[in-house]
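In: could you work out the structure for the sequence below:
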Amino acid sequence: MNFSDITLFDYLEILVEWVFEYFVFATALFWTMKKRPHFLLRFILGILGVLAIAYPLAIFYHFFGDRVFGRTLVYFLLFVASIAHHFLCYEGKVSTIIVVADLSYLIQNMVYKLFVALITIINFVAGGSIFNTWSYKIVYYLQFAAQAVVVCLTLIPAARDRLIDRPLPRFVIAVSAFTVIVSILLSATQDIYIQTIAEGLYDSPSSAIFILRQSGNLAGFMLDGAIVIMFFAASYSYALRRDISDLHYLVQQSAKQYEISQQTIDSINIKCHDMKHRINQIVGGALPEDTIRDINDSIAIYDALIDTGNKALDVIITEKNLTCESRGIAFTKTIDGKAVSFLTEGDLFALFGNLLDNAIEAVSEVQHKGKRYINLSLRQLGEGIVRIECMNYYEGDRVFRDGLPKSTKGDDLNHGFGMRSIRQIVQKYSGEMSVSAEEGVFSVAIVFYRIQNAF
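Out: Below is the predicted model of the structure:
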């Protein structure tokens, strides 16, 4: 089809199709981002606004669409209008919204280029165009639906995990924005120059023209694909480095917290011991024995240092036991502290501290008194196998990501390191870890294998 044969309505139809395809992928990517109030109204009005802008752009397209600059400007302005729609509908960082929009464009362009490449191959093999206007549209929409389903089930969820509520390195933001502009420019160049050269392809097949046209389609597809792969690799690497850095810092802080807790508990034990003697001396026989016994029992709660067989673990369990007492949480425990003597004090405090902190936080929200308890088990199973299990009740729903529950504090960026810290320590010692949340019971099971290789 010659450019002179394309009507204003054709150009408007092309732009409306682009808007529809782009927003299919953009909406899927943005879906888990926090939405602004009256989201549905904002979304509909925003789409209407983008479509309204598409009409004057179609007029411009009609007169200047046969030039690289004209076609590039049309799609760039339409893309900018789409980004404005995202800011209207979603609450997120500017950088995140821009990168998600860039990725949406690249995915849309990949899907389109793949279809064009397949249609070109089919027509070449058939010796000419085998589709009329309506059959072409039907095939196009069917293949788009199929590709969209595949992308939304595979690529989109992975992209959301790496984009929404996560920090992005500056170079990823800069590269994604730059490559979208380059992709728009290359697409315009290919559509105009290569299409002009290959206008007679469908009526008189030529291997040279076919290769030329396919080279343009494949180049565009491969460029967009390479950028998408680069984005995933870079964002994953950055997130991994950041998590490792944060987790190392958390373990270091746990070691410091252990020292502080040990000093605090020692100080409390000394003062409680002195207080019991002073009470006995002052009160003497002035109060009934039952009253004196109750007073001593209340003090004994803070005076009892739990003996697990591991000095560092004694401090951790004692501290968490005091916290449970103050919050009305029953804390049952079966602990063989000697079984985890291979853990460093920092790792020990981070592991059990995070396990119990998460459990205490969850149980504190439970209203039913009969379910306000935590059970911790640490046992050695046979020779060289250590099993740790922490169980507690919880309320509400638990959503898992990458095998771990997402933070219930609504901020995965600053919270949620506890479970990741636990997993990092388990992996450090070549252990295994499983997490489950079923019927209101949350459970973390950890197994360490300390069997020495005899060979």
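
In: list the helices and strands the host helix or strand of residue 160 packs on?
Out: Secondary structure from DSSP states H and E places residue 160 in helix 155-163. If you count contacts as 3 or more Cβ pairs under 8 Å, 6 or more residues apart in numbering; DSSP states H and E, helix 155-163 packs onto helix 8-30, helix 94-126, helix 207-283. Just so you know, the C-beta spots here come from the backbone N, C-alpha and C atoms, and that holds for glycine as well.

In: weakest of those helices by average pLDDT?
Out: Here the lowest mean pLDDT among the helices and strands packed on helix 155-163 goes to helix 207-283, at a mean of 56.

In: what's the mean pLDDT across stretch 316-330?
Out: On average, stretch 316-330 scores 84.

In: oh, and call the first residue 42 from now on, that's how I've got it
Out: New numbering, starting at 42: the last item is stretch 357-371.

In: in it, what's buried?
Out: 357-363, 365, 370 (16 or more other Cβ atoms under 10 Å).

In: could I get the residues you listed as a markdown table with distance to residue 429 and secondary structure?
Out: Putting the buried residues of stretch 357-371 into a markdown table (distance: Cβ to Cβ, whole Å; DSSP: H, G, I helix; E, B strand; the rest coil) gives the following:
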| residue | distance to residue 429 | secondary structure |
| --- | --- | --- |
| 357 | 13 | helix |
| 358 | 12 | helix |
| 359 | 18 | helix |
| 360 | 18 | helix |
| 361 | 14 | helix |
| 362 | 17 | helix |
| 363 | 21 | helix |
| 365 | 18 | helix |
| 370 | 19 | coil |
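
In: any chance of these in CSV, with distance to residue 57 too?
Out: What follows is the buried residues of stretch 357-371, written out as CSV (distance: Cβ to Cβ, whole Å):
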residue, distance to residue 57
357, 62
358, 65
359, 68
360, 63
361, 61
362, 66
363, 66
365, 62
370, 59
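
In: can you tell me which of the residues you listed is nearest residue 93?
Out: The shortest approach to residue 93 among the buried residues of stretch 357-371 belongs to residue 370, at 58.6 Å (Cβ to Cβ).

In: can you report phi and psi for the closest one?
Out: phi -110, psi 130 (degrees, to the nearest 10).

In: ends of stretch 410-430, how far apart?
Out: With Cα to Cα, to the nearest Å as the measure, stretch 410-430 spans 22 Å from end to end.

In: show residues contacting that stretch.
Out: 349, 358, 365, 369-381, 392, 396-397, 400-401, 404, 407, 431-434, 481, 484-493 (Cβ atoms under 8 Å, 6 or more residues apart in numbering).

In: how about a cut-off of 6 Å?
Out: 370-377, 380, 400, 404, 407, 431-434, 486-492 (Cβ atoms under 6 Å, 6 or more residues apart in numbering).

In: can you select the buried ones from the residues you listed in PyMOL?
Out: Here is the PyMOL command that picks out the buried ones among the contacts of stretch 410-430, judged by 16+ other Cβ under 10 Å:
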select buried, resi 370+372+374+376+380+400+404+407+431+432+433+434+487+489+491
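
In: mind listing which of the contacts of stretch 410-430 are in helices?
Out: 400, 404 (DSSP state H).

In: how close does residue 60 get to residue 120?
Out: 10 Å (Cβ to Cβ, to the nearest Å).

In: apologies, that question was intended for residue 389.
Out: With Cβ to Cβ as the criterion, residue 389 and residue 120 are 53 Å apart.

In: picking that back up, next secondary structure after the helix holding residue 201?
Out: By DSSP H and E, the next helix or strand past helix 196-204 is helix 211-230.

In: run through who's touching stretch 371-386.
Out: Taking Cβ under 6 Å, 6+ apart as the rule, stretch 371-386 contacts 299, 349-351, 353-354, 362, 365, 414-421, 427.

In: one more time with 7 Å, if that's ok
Out: 296, 299, 349-351, 353-354, 358, 362, 365, 389, 392, 413-421, 427, 491 (Cβ atoms under 7 Å, 6 or more residues apart in numbering).

In: now those residues: which count as buried?
Out: Looks like the contacts of stretch 371-386 have 296, 299, 349, 351, 353-354, 358, 362, 365, 389, 392, 413-415, 417, 419, 427, 491 buried, using 16+ other Cβ under 10 Å.
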